[in-house]
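Peer 1: Starting from these lines, generate the structure:
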Amino acid sequence: MKRFFKKTGRFFFDLKQKNEKEIRQSILLVDGNFILLNNFALIIKDVREKFKNANLTVLTFKDKEGFIRDNFPDVEIIVPENRIKSRMYQLAIQLLLLRKNFKFIILSSLDIAPVLISLIFFRCPIILHNRYLEWYILR
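Peer 2: All right, here's what the predicted structure looks like:
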């Protein structure tokens, strides 16, 4: 009887060992058009404090990339391409092209294009974390 339960248990369960990076939550933080560097640094610190031990990916502009890389070395940075002339739509199009599955998307402003793209094309919870360090869930 014991042997029967072991064999049927192996049929239903398949245990595979995963490394720690695959188990942790993945979070995408989207920069806003008019967020200052100091405010954005405070937002990153607050997100890292709320979501400890998470893979944080930041979608930001080219001018903020060096500052973020210097102050937050463990954060993955995605910069949109400069082919799109309008700065307003660069983040939205790059957000549309992302193929990663994120557990959370955190927006730092209510820019209309990233909000619409994230609400329509992503199924994860979308959170607004504004420059006043307030948290809101968008639905």
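
Peer 1: in the sheet, who's paired with the residue nearest the centre of the chain?
Peer 2: By CA atoms, centre = their mean, the mean C-alpha position of the chain lies nearest to residue 28, the distance being 0.8 Å. Residue 28 forms beta bridges with residue 57, residue 105, as assigned by DSSP bridges.

Peer 1: Do I have it right that residue 122 meets residue 105?
Peer 2: Yes - using CB atoms under 8 Å, residue 122 is in contact with residue 105, at 5.8 Å. All C-beta atoms are positioned from the backbone trio N, CA, C, and that covers glycine.

Peer 1: So those two - more neighbours on which side?
Peer 2: residue 105 (24 against 17; other CB atoms under 10 Å).

Peer 1: Which residue ranges of this structure form helices?
Peer 2: Assigned helices in the chain, in chain order: 2-12, 20-23, 37-50, 62-71, 87-97, 112-121 (criterion: DSSP state H).

Peer 1: ranking those helices by burial, who's on top?
Peer 2: helix 87-97 (a mean of 18; mean count of other CB atoms under 10 Å).

Peer 1: Provide the angle between the direction of that helix and the direction of helix 62-71.
Peer 2: 60 degrees (axes from the mean of the first three to the mean of the last three CA atoms, to 10 degrees).

Peer 1: ok, and what's touching helix 87-97?
Peer 2: 30-31, 33, 59, 61, 78, 80-82, 84, 111, 113-114, 116-118, 121 (CB atoms under 8 Å, 6 or more residues apart in numbering).
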